Structure formats: structure tokens, C-alpha cells
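Participant: with the sequence up front, the predicted model follows.
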There are 2 protein chains.
Amino acid sequence: MNYPSRLIEDAVSEISRLPGIGKKTALRLALHLLKREEQQTRSLSDALLNMRTKTTYCVKCHNIADERLCNICGSSKRDHSIICVVVDTRDVLAIESTNQYKGLYHVLGGIISPLEGIGPSDLQIDSLLARIENPTEQETVQEIILALSPTMEGDTTAFYLQKKLKSTGVKMSTIARGVPIGGDLEYADEITLGRSIVSRVAYD
Amino acid sequence: MNYPSRLIEDAVSEISRLPGIGKKTALRLALHLLKREEQQTRSLSDALLNMRTKTTYCVKCHNIADERLCNICGSSKRDHSIICVVVDTRDVLAIESTNQYKGLYHVLGGIISPLEGIGPSDLQIDSLLARIENPTEQETVQEIILALSPTMEGDTTAFYLQKKLKSTGVKMSTIARGVPIGGDLEYADEITLGRSIVSRVAYD
């Protein structure tokens, strides 16, 4: 396409490097910004750069943080004896939005995937082991919950972690898998439905 | 949602002000940028700000431009006797991508819409009149093509322009409306199909 301006072309090319945004959407966004106050583009541009250059990772759980410790690890209101192991920050946000979990997290930063060349050493597994093996006054881990996706990679990672953490004697569990709440049995896939029968829960 | 970092929250809030991007997509884009090289965010941030602060509008056709004249008005390869009237830059790009038009453009900057409070005085209509009435050595307008959307607002604007430009005696036309090429008659809506029968074209 022949852009009317080299500056637009540059902006479109940069915007369309974002995932899920093609040239047409990028152009629409660029023209939108051009129509708005200059201040909006300035705020957007500053917010992106600030985020990228100033956010760090929590030294404990490797979640995104503004300071040395993230606001979950730094909070005295959380239960410092349970750690929920997740793949990335998005999973932390998803679990936080349920309001059902009050423990801490540990962000692995990825998942074991031989196809993509990601092995255990690329993940934050050693630091998880260290958190369990070296209890501090603030944190004495008693339970580990694995909250990994029920995929081949997720199961491989869970299996590896179970083996690796077995020697510590810490209690381990995984999030329940089954028919989604509100979901119709008829539309559940066979594997999920099969698993939900095998892992049936007895009434108290 | 409880964002793990105020900087992420700021970025998500700024990104989600863009049209068609919600909080979830904004978060996905922010986390994507965090995973990539810092340089990518820097380029994106710079490109947006450069675009917003440095692009101007062509003094003649009001299209987006890097300099005083856009690269269409400034080109000696274009036919300077025809002007195609469009609503915004996106329309210019759409027509340019057909490779079927070699004349100039005039970007109105909007469309007459009483509901949104946009009247003729908000559009670049006087400057279009001036281009027709004051021919220069480079530009002597002989034909005006109206390329407006076949909507209520488009038709209103076209009607207004026809009345306004009548006194200049310039030849006026509108882009053809009819069944889209490759479209199945069966699936064409009644109004388009009806219009395509009324405006039927005789074989030569």
C-alpha cells in the first residue's frame, strides 16, 4: 500500500508487529490517534516506554513488579505457607480475579516444551526448590498447588515438578479438572468428561 | 482486576483507549512487549509520537502529508484536472490500492451528519470550491468525482456538494453503485440490486 506519509508508514509497521494486529488494523489505530489530541498519543507512548523500561520481576516469585518484591509477596495479608505454581503473569491475574486464593505464587516463566526447545533449566524451577528448602521467618512453604494448563506441555511440566520436589516432602496438589461450571454435559469434550468421571468427588 | 504493577496498569489503560481494544487484549499486548527486546517498545513508542507530532495535512487536498504538499498533489505524473472527493485518508488509500485512478483527491475530513452535529462548515468544502474557481498553472479542475459511501450521510453530503458546486459548471460524477464483482446475485441486498437495475449500463 502507498502510505501518504513516511511517518504513518513507520507507525503502521511498528504497530503491526504486535500480535493479532495486521496492517489494516494498525492503519485504523494510527489514523485514530492522528484525529485525537496529541496528549493521548504522548500518554500512550510514555506509558509503553515506562512499562518496558521500569518494570522488574519480583525476586521471590518472578511475577512482574514495580519494586524488589511484588505486591503479593510483600503483603502480610496473604498466606505465606502456600505457593501456586503458574506459567506466567496472565495466570496470576486470572487466579487473582477469582478471589478464591489467598496464598503466594511462583511464576515459572514458561512451560517445558521439547518442540520449542524449552527445557527445565529455562524455567524458574531451582528458585522454587530454594523457596521450599530454605524457609524464612516470613515464608515456610507447606503446600504447592500446580496450576498448569491441561495440555501435553502442562502435564509434562507437572510431572517433572512432582519428581523434582518429591524429596522436599512438601504437600502437592493440582487444580481440579472437570466439566466447566455452567457448561452443558452434551457439549463437553470426551476427554474432559471422561476425566471428570474418573476424578469424581464423593458427597460429604 | 488487580494488576501486579502500576506501570502495567497505566499501559493497559492507555492501550485500551484505542478503538476495538479492550482491557484483556491490552494486557496481552503489554505482556508481549515486556517479553520482547526493549528496542521494540522504544521503536513503537517513538514511531507513534513522531507520527502524531510531525505529520501535517496537505495545504491543497488536506490529505495527511509529511510536507506542505502531499505526494499525490506534488506529483507531476498525476492528472491535475480531476479531483476525487473523499471523506478521509483511508478512502484515499482504498482508491489508490485499486490502481485505477490517476487524478488528485480532496479530503473533506468528515461527512454531513446532523445527528452528530457535523454541518457543511465543519468540512473542507470552501477550499474545494476555491480549487475549482481559482485555476492555477498546475491545476485546472475539469471534473469532480464524488466517492462517498452510499449511506444517508453520504447521500446528503453528495447532494449538498452538487448544489454548492453547480454554479462553477464543473463536470460532476459519482462512483458507480451496483452488485459487487464476484458477488452472487442471490446474496445481494434488495436496495443494491434494485439500484443496479435502475442504473443499468447499456452495452456499447
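Facilitator: On my side now, so go ahead.

Participant: CA atoms for contacts and neighbours, from now on please.
Facilitator: Will do.

Participant: pull the number of nearby residues for residue A:62.
Facilitator: 22 (other Cα atoms under 10 Å in any protein chain shown).

Participant: how much space is there between the residue positioned nearest the centre of chain A and residue B:184?
Facilitator: Chain A has residue A:88 as the residue nearest its centroid, 2.3 Å off, counting by Cα atoms, centre = their mean. Applying Cα to Cα, to the nearest Å, the value for residue A:88 to residue B:184 is 48 Å.

Participant: ok, residue A:38 touching residue B:54?
Facilitator: No - look at residue A:38 against residue B:54 with Cα atoms under 8 Å: they stay out of range, at 10.6 Å.

Participant: retrieve the pLDDT associated with residue A:204.
Facilitator: Reported pLDDT at residue A:204 in the predicted model: 66.

Participant: now swap in residue A:76 and tell me
Facilitator: Looking at residue A:76, its pLDDT reads 90.

Participant: and the angle from the longest helix belonging to chain A to helix B:38-54?
Facilitator: Longest helix in chain A by number of residues (criterion: DSSP state H): helix A:38-54. Put simply, helix A:38-54 runs at 170 degrees to helix B:38-54, going by axes from the mean of the first three to the mean of the last three Cα atoms, to 10 degrees.

Participant: could you pull up the mean pLDDT of helix A:38-54?
Facilitator: pLDDT averaged over helix A:38-54 gives 95.

Participant: same for that helix, what does it pack against?
Facilitator: helix B:6-15, helix B:23-35, helix B:38-54 (3 or more Cα pairs under 8 Å, 6 or more residues apart in numbering or on different chains; DSSP states H and E).

Participant: now with 7 Å, please.
Facilitator: If you count contacts as 3 or more Cα pairs under 7 Å, 6 or more residues apart in numbering or on different chains; DSSP states H and E, helix A:38-54 packs onto helix B:6-15, helix B:38-54.

Participant: and chain A, is the shortest one touching that?
Facilitator: In other words, helix B:6-15. Yes - judged by Cα under 7 Å from any Cα of the partner chain, helix B:6-15 comes into contact with chain A at B:7, B:8, B:10, B:11, B:14, B:15.

Participant: show me which residues of chain A sit near chain B.
Facilitator: So chain A meets chain B at A:1, A:4-5, A:7-8, A:10-11, A:14-15, A:18, A:29, A:34, A:38, A:41-45, A:47-52, A:55, A:64-66, A:70-71, A:93, A:97 (Cα under 7 Å from any Cα).

Participant: quick one: the worst-scoring helix or strand of chain A on mean pLDDT to chain centroid distance?
Facilitator: Lowest by mean pLDDT, DSSP states H and E among the helices and strands of chain A is helix A:190-198, with a mean of 81. Centre-to-centre, helix A:190-198 and its host chain are 26 Å apart (Cα atoms, centre = their mean, to the nearest Å).

Participant: isn't residue A:106 up against residue A:86?
Facilitator: Yes - using Cα atoms under 7 Å, residue A:106 is in contact with residue A:86, at 6.2 Å.

Participant: neighbour count: these two, which is higher?
Facilitator: More crowded of residue A:106 and residue A:86, by other Cα under 10 Å: residue A:106, with 27 against 24.

Participant: quick one: neighbours of the residue found closest to residue A:113 once you drop the neighbours it is linked to in the chain, just the number.
Facilitator: Spatial nearest neighbour of residue A:113, chain neighbours left out: residue A:153 (5.7 Å); criterion: Cα to Cα, 6 or more residues apart in numbering or on different chains. When neighbours are defined as other Cα under 10 Å, residue A:153 has 17 of them.

Participant: residue A:50 now?
Facilitator: Quick note: residue A:50 (other Cα under 10 Å) scores 17 neighbours.

Participant: what's near enough to touch the nearest residue to it once chain neighbours are set aside?
Facilitator: Spatially, and ignoring its direct neighbours in sequence, residue A:50 is nearest to residue B:7 (6.8 Å; Cα to Cα, 6+ apart). Residue B:7 makes contact with A:50, A:51, A:55 under the criterion Cα atoms under 7 Å, 6 or more residues apart in numbering or on different chains.

Participant: what residues go with each domain of chain A?
Facilitator: Chain A breaks down by automatic domain parsing into domains covering A:6-54, A:76-174.

Participant: fine by me, we can end here.
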